[in-house]
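J.: the following comprises the amino acid sequence and a computationally predicted model.
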Amino acid sequence: MKCFLTLLLCLTIIVAEDNCDNCKVDLVDKKIKNIKPTPEIEVILENTLKEVLNYAKEKDSEIEELKIELDNIKKEFMAYKIKKNSEIEELKRKLDTTKTLPLPNKESEEIVDTSSWIEIVVEDGIDIYQLALRYYGDEKEYKQIYLANQNRIGKDLKLEDGMLLQIPMTEHFEEQPMFINRD
């Protein structure tokens, strides 16, 4: 500590003497070697050192607070980014599903006569196209099944195992062993 104070005092003297036009470097060197700090100068230097250390502590504390705040902002951003990415993925999935669905032609849709139909239970992850192929011999006939079961089948045309469906018996209908009930 005393070494630091002595060095600081020496630097102060050097700066002060460098500002003198009539001073010589050799003279300064000799004076520095012979200088003994006075108690007043030591107190001033100690107080200055304390102020510098306190200032450094304050700034370190502020830096730590800013680092914590930055980390919190990064965490919030990552959570937001994850949430938005999942929402984007959900929208992409819905868009892909929508792209694969044929657009309904309102003019050509007819009300299906369900006076003659069979009921089946969806099994083994079968989809509406497979049912149309099984019962009508053509998967393009899925609209017949959809129109007869609009209240059960969503616009995504997804079927779930255990779902009870009515299969209209049209001119293309082919009898299958899956039926439960027939009117």
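T.: Sure thing, it's come through. Fair warning: this is a prediction, and the values are worked out from it, not measured in the lab.

J.: and the gap between E65 and L133?
T.: Distance of E65 to L133, given as CB to CB, to the nearest Å: 67 Å. Every C-beta, even on glycine, is put in place using the N, C-alpha and C of the backbone.

J.: again with N47
T.: Taking CB to CB, one finds N47 at 93 Å from L133.

J.: between E65 and L133, which one's more packed in?
T.: Using other CB atoms under 10 Å as the criterion, E65 and L133 rank with L133 on top: 17 against 10.

J.: neighbours of the closest residue in space to that one that isn't next to it in sequence, how many?
T.: Nearest non-adjacent residue to L133, counting by CB to CB, 6 or more residues apart in numbering: E139, 4.4 Å away. When neighbours are defined as other CB under 10 Å, E139 has 14 of them.

J.: list the contacts for E139?
T.: Contact partners of E139, counting by CB atoms under 8 Å, 6 or more residues apart in numbering, are Y129, Q130, A132, L133.

J.: list buried residues within those residues.
T.: Applying 16 or more other CB atoms under 10 Å to those, the neighbour count classes Y129, A132, L133 as buried.

J.: reformat those residues as a markdown table; add pLDDT and distance to N72.
T.: Shown next, in a markdown table, are the buried ones among the contacts of E139 (pLDDT from 0 to 100; distance: CB to CB, whole Å):
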| residue | pLDDT | distance to N72 |
| --- | --- | --- |
| Y129 | 92 | 51 |
| A132 | 89 | 55 |
| L133 | 90 | 57 |
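
J.: possible to save these as CSV with distance to E51 and secondary structure?
T.: Converted to CSV, the buried ones among the contacts of E139 look like this (distance: CB to CB, whole Å; DSSP: H, G, I helix; E, B strand; the rest coil):
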residue, distance to E51, secondary structure
Y129, 82, helix
A132, 86, helix
L133, 87, helix
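
J.: between those residues, which sits nearest L53?
T.: Relative to L53, the closest of these is Y129; by CB to CB it sits at 78.2 Å.

J.: among the contacts of E139, give me the pair with the biggest separation.
T.: Longest span within those, CB to CB: Q130 and A132, 7.3 Å.

J.: tell me the pLDDT of K94.
T.: Looking at K94, its pLDDT is 83.

J.: no further queries at this time; thank you.
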